[in-house]
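Just to be clear, the model below is a prediction. Sequence and coordinates:
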Amino acid sequence: MNKQMKKTKLSTKIILAMVLGLIIGLLFNPEISLLPQNLYKLLESYAFAPIGKIFINAIKMLVVPMVFISLVNGVTQISDIKKLGRVGAKTLIFYLSTTALAITIGLSFALMIQPGSNSSLTSGNAAYEVSEAVNFIDILVGMVPTNPLQSMVEGNMLQVIVFSLLLGVSINSIPKQKSKIILDLFDSMNHLVLKMIDIVMLMAPIGVFSLILKVAATLGFDSLIKLSLYMITILLALFVHLTVVYTGSLVIFTKLNPIIFFKKFWNVMTLAFSTSSSNATLPVTMETVEKNFGVHKSIFGFTLPLGATVNMDGTAIMQGVATVFISQIFNVDLTLSQLLTVILTATLASIGTAGVPGVGMITLSMVLTSVGLPVEGIALIIGVDRILDMCRTVVNVTGDAVVTLIVAKSENEIDEEIFYSDKNLMLDSTN
């Protein structure tokens, strides 16, 4: 009992690290200057920046092998090709539907609140270098790798997913006596990667502390005040999507208790907030879904890697609000057909959006171009996008988990005893 009481939840440590990093970062902020800037620059160069980068790199190091191994494992667990097609169809339908709904919510809130009306901001407030947006046809063509090893080295997740699916299906198509050694190999590798995740997560609190401290120390209060209505609009839309769409879907389609879901998923949400990356959070998401929710790896091994690449509901909300905000700044009235174009373009753009920090700005340029708005308007919101990126990543990873539970429940591939048990809280404590 005493030993159990001494154990501190890792999620609690992460939250405390976030709060401490926020407080110390604000003390270093130039607009407060309660701590000397020279000391911050020294610590940032030799402590905070290296530690934060090492933590992110350590997690990203596991992403490609985790996706590759988990997808192959997931597909080989579904020996029935019809079931594989059924699971794939359900997953894509839910992901694309929630994304379209997310951007609709974002547009609706932006049109009601009108954050860009009567604003004193102009495009001359900041500079933004426009990145080239890839069209949807190029995304489809680029999904098939010419060199799968190069795709893994470069972290091209769509190509890794396609190759992994092909390999898994191919393993299923050969006799079991010949494929047994390959199946055992991938199963062992899966356990190995999970153990590596446990080790890397031991440094999560100090890594999160370093990342949050830098954000708090460099965020300008003036830009926050000027863009506060824009930020509030996005945060409201994110909150509604998280609490209404996801919670409602979880209750309607699975009958599972949403309070237990959020309690057991909290550690992943805090990690997603601090890293701003769905891909960086993916290994922990997968282990949490298996250990805390009892989802079989044949489901989450397929749905979660796919979701980290194609399911970007939080990003879609940002794009909807940002499009209306920029149109109002430039006094451009969007027609109904243009609003529908925004919904379609942002939904399709999410398929090619990598789960890394800041990539939403690139796909936003594609959305703005589709309705004839100046891409230079992105300069108006780039200053506050970091904090919003952290919030929308939480929505993205939560959506991945909810859809995974929905698909698992429909296929009877979830152990509800594990979901409702308090004895299977993964990463609740460190040894």
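Cool, got the structure.

Hmm, residue 229 is touching residue 112, no?
No. With the criterion set as CB atoms under 8 Å, residue 229 and residue 112 do not qualify as a contacting pair; they are 11.8 Å apart. C-beta here means a position set from N, CA and C on the backbone, and glycine is covered the same way.

Same drill for those two, tell me which one is more crowded.
Summary of the neighbour comparison: residue 229 and residue 112, criterion other CB atoms under 10 Å, with residue 229 having more neighbours (16 against 11).

got the contact list for the more buried one?
With contacts taken as CB atoms under 8 Å, 6 or more residues apart in numbering, residue 229 has the following neighbours: 113, 115.

Can you check the pLDDT for it?
Reading off the per-residue confidence, residue 229 sits at a pLDDT of 88.

Please apply the same query to residue 240.
What the model reports for residue 240 is a pLDDT of 96.

For it, which non-adjacent residue is spatially closest?
residue 105 (5.9 Å; CB to CB, 6 or more residues apart in numbering).

Mind telling me which residue is nearest the centre of the protein?
residue 278 (2.8 Å; CA atoms, centre = their mean).

any idea how far that one is from residue 308?
Summarising the geometry, the distance separating residue 278 from residue 308, computed by CB to CB, to the nearest Å, is 5 Å.

what stretches of the stretch 251-400 of the chain score poorly on pLDDT?
By pLDDT under 70, the weakly predicted segments of the stretch 251-400 of the chain are 348-363, 366, 379, 383.

what are the ranges of the helices in it?
Listed in chain order, the helices found in the stretch 251-400 of the chain under DSSP state H, counting those that start in this stretch are 258-275, 278-291, 297-310, 313-329, 336-349, 360-370, 385-410.

just the stretch 1-150 of the chain next, same as before
Remark: helices of the stretch 1-150 of the chain, listed N- to C-terminal, are 2-6, 10-28, 37-43, 49-77, 81-113, 136-142, 148-154; assignment by DSSP H, counting those that start in this stretch.

possible to save the ones you listed as a markdown table with distance to residue 395 and mean pLDDT?
A markdown table is the format used below for those (distance: least, CB to CB, whole Å; pLDDT from 0 to 100):
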| stretch | distance to residue 395 | mean pLDDT |
| --- | --- | --- |
| helix 2-6 | 33 | 35 |
| helix 10-28 | 17 | 82 |
| helix 37-43 | 31 | 88 |
| helix 49-77 | 19 | 79 |
| helix 81-113 | 8 | 87 |
| helix 136-142 | 22 | 70 |
| helix 148-154 | 27 | 88 |
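
Out of those helices, flag the one nearest residue 181.
Within these, the stretch nearest residue 181 is helix 49-77; the backing value is 12.6 Å (CB to CB).

OK, contacts around the residue nearest to residue 240?
In this structure, residue 105 makes contact with 237, 240, 241, 245, 317, 320, judged by CB under 8 Å, 6+ apart.

How much space separates the closest residue to residue 216 other than its chain neighbours from residue 384?
In space, and not counting its chain neighbours, residue 216 is closest to residue 25: 2.7 Å by CB to CB, 6+ apart. Taking CB to CB as the measure, residue 25 and residue 384 are separated by 16 Å.

quick one: which of the helices of the stretch 1-150 of the chain is nearest residue 287?
Comparing the helices of the stretch 1-150 of the chain against residue 287 with CB to CB, the closest turns out to be helix 49-77 (9.3 Å).

buried stuff in the closest one?
Buried residues in helix 49-77, counted by 16 or more other CB atoms under 10 Å: 51-52, 55-56, 58-60, 62-77.

returning to what we had before: and of the helices of the stretch 1-150 of the chain, who's closest to residue 403?
The minimum distance between residue 403 and these falls on helix 81-113, with 4.5 Å, by CB to CB.

Between the helices of the stretch 1-150 of the chain, which one is closest to residue 399.
Comparing the helices of the stretch 1-150 of the chain under CB to CB, the one sitting nearest is helix 81-113, at 5.8 Å.

In the closest one, which residues are buried?
Along helix 81-113, these residues count as buried under the neighbour rule (16+ other CB under 10 Å): 84, 87-88, 90-92, 94-96, 98-110, 113.

for stretch 24-42, same thing?
24, 25, 26, 28, 29, 35, 40.

The fifth one and residue 185: what is the separation?
Looking back up the chat, that one is residue 29. As defined by CB to CB, residue 29 lies at a distance of 51 Å from residue 185.

what do you get for the third one?
As for residue 26, its distance to residue 185 is 50 Å (criterion: CB to CB).

Kindly report the same for the first one.
As for residue 24, its distance to residue 185 is 46 Å (criterion: CB to CB).

Please apply the same query to the fourth one.
Computed with CB to CB, the distance linking residue 28 and residue 185 is 49 Å.

likewise the second one?
For residue 25, the distance to residue 185 under the criterion CB to CB works out to 45 Å.

Export only the CA atoms of stretch 34-47, formatted as CSV.
What follows is stretch 34-47, C-alpha atoms only, in CSV (Å, rounded to 0.1, in the frame of the first residue of the first chain):
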residue,chain,number,x,y,z
LEU,A,34,11.2,39.7,-13.6
LEU,A,35,14.2,37.4,-14.5
PRO,A,36,17.2,38.6,-16.5
GLN,A,37,17.2,38.0,-20.3
ASN,A,38,20.8,37.1,-20.3
LEU,A,39,20.1,34.2,-17.9
TYR,A,40,17.2,33.0,-20.1
LYS,A,41,19.4,33.1,-23.3
LEU,A,42,22.1,31.1,-21.5
LEU,A,43,19.6,28.5,-20.2
GLU,A,44,17.7,28.4,-23.4
SER,A,45,20.9,27.7,-25.4
TYR,A,46,22.4,25.1,-23.1
ALA,A,47,19.5,23.6,-21.3
